[in-house]
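In: Need a 3D model of the sequence below.
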Amino acid sequence: MENKTRKYFKYAVGEIILVVIGILIAIQLNDWNNYRQEKKVAKSYISALISDIKKDTTELNDFIRQAKEGTLELDNLLKTFSQHKVNTDSIKSIMKNDFNLFYFPLKDFNSQTISTLITTGDIKILPRHIQSALLKLKNTQKTSLDFIGKGIDFYNPILTEYSNKYPFYNPNNIKSQLAEQIWNNTDERDFLRTVYAVLSKKRTMYNTFLNNGNPTLDDSIKLLNLLSEEYPNIQ
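Out: Numbers count the residues shown, from 1 in each chain. Got it, this is the predicted structure:
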């Protein structure tokens, strides 16, 4: 009787061990499947991120280049206008025929993938250093857009004032006859004041563009490099 009890006990213990081993194997397989699924999801996110950031860097490079060119143009104009030999008629001619009032605005960033990662919580499946770089870029993008918007708001009122007072001139347009009359009858003091305000405020706007566009470009390139190093097979 005692031997039978021992046999049953050993058998029961063996069954329990087998069940435990089975559970552990199932858990391990489940963890492995979850890991594979996360890797698949991460790969999809990384591919989208790389595509988004490449678009942003292209647009930022264009944006910064035009801001630099605009700043150089304004510096040259201000330098020219400060010379004593330049009279009001010369300034009128330049402002009427050559000066470009407008600017190249920065479009919104391609941040849908970053936003999705954050809002869904899927950002946790990425390596920690990638997470930190993503959050930093997201914050830099928001700050840049805020300040660039303020720069535009600073310039637009004087742009509107100038445009209302001194219409765009196109010698091939019939309306230019009316525009010519307006230009010929401008109040010299008010014209010079408005021109100086347009040039100085536009330059301030461009400084805002550069001061915020460059850090965003730097963070975008850094993140792109991190992604390329961590996921070399994903383009």
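In: what does the model give K175 for pLDDT?
Out: Note on K175: pLDDT of 56.
In: before we move on, what about the one 10 residues further on?
Out: Here, the pLDDT recorded for N185 equals 81.
In: Flag the shaky bits of the chain, pLDDT-wise.
Out: Scanning the chain for pLDDT under 70 picks out the ranges 1-40, 84, 169-177, 235.
In: Look at T186 and tell me its secondary structure.
Out: Following DSSP: H, G, I helix; E, B strand; the rest coil, we place T186 in the coil state.
In: any idea how far L192 is from the nearest residue to it once chain neighbours are set aside?
Out: Using C-beta to C-beta, 6 or more residues apart in numbering and skipping residues adjacent in sequence, the residue nearest T186 is Y166, 6.9 Å away. All C-beta spots, glycine's among them, are computed from the backbone N, C-alpha and C. According to C-beta to C-beta, to the nearest Å, Y166 stands 12 Å off from L192.
In: which neighbours do these two share?
Out: Counting by C-beta atoms under 8 Å, 6 or more residues apart in numbering, no residue touches both Y166 and L192.
In: what about the two, which has more around it?
Out: Y166 (20 against 15; other C-beta atoms under 10 Å).
In: what sits up against stretch 97-108?
Out: If you take C-beta under 8 Å, 6+ apart as the criterion, stretch 97-108 is touched by 59-60, 62-63, 66-67, 70, 73, 77, 144-145, 148, 152, 155, 159, 162-163, 169, 198, 202, 205-206, 209, 213.
In: Tell me how far G149 lies from N184.
Out: 37 Å.
In: The two: who's more crowded?
Out: More neighbours surround G149 than the other of G149 and N184, with 14 against 8 (other C-beta under 10 Å).
In: So which elements touch the strand or helix carrying the more buried one?
Out: Applying DSSP states H and E as the criterion places G149 in helix 128-165. Packing partners of helix 128-165 (3 or more C-beta pairs under 8 Å, 6 or more residues apart in numbering; DSSP states H and E): helix 112-120, helix 188-230.
In: Show me the one of the ones you listed that comes nearest Q83.
Out: Proximity to Q83, assessed across the helices and strands packed on helix 128-165 by C-beta to C-beta, is greatest for helix 188-230 (14.0 Å).
In: If you count contacts, what does the closest one end up packed against?
Out: If you count contacts as 3+ C-beta pairs under 8 Å, 6+ apart, helix 188-230 packs onto helix 2-81, helix 88-97, helix 128-165.
In: relative orientation of that helix and helix 128-165 in degrees?
Out: Helix 188-230 runs at 160 degrees relative to helix 128-165, counting by axes from the mean of the first three to the mean of the last three C-alpha atoms, to 10 degrees.
In: centre of the chain versus helix 188-230, how much separation?
Out: 12 Å (C-alpha atoms, centre = their mean, to the nearest Å).
In: tell me the SS of the one residue sitting closest to the centre of the chain?
Out: Centroid-nearest residue in the chain: F109, 4.2 Å away (criterion: C-alpha atoms, centre = their mean). Secondary structure assignment for F109 (three-state DSSP): coil.
In: in terms of contact, does it touch Q141 like I think?
Out: Yes: counting by C-beta atoms under 8 Å, F109 does reach Q141; the two are 4.8 Å apart.
In: need the helices and strands packed on helix 128-165 in JSON lines with distance to K96, can you?
Out: Formatted as JSON lines, those follow (distance: least, C-beta to C-beta, whole Å):
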{"stretch": "helix 112-120", "distance to K96": "44"}
{"stretch": "helix 188-230", "distance to K96": "11"}
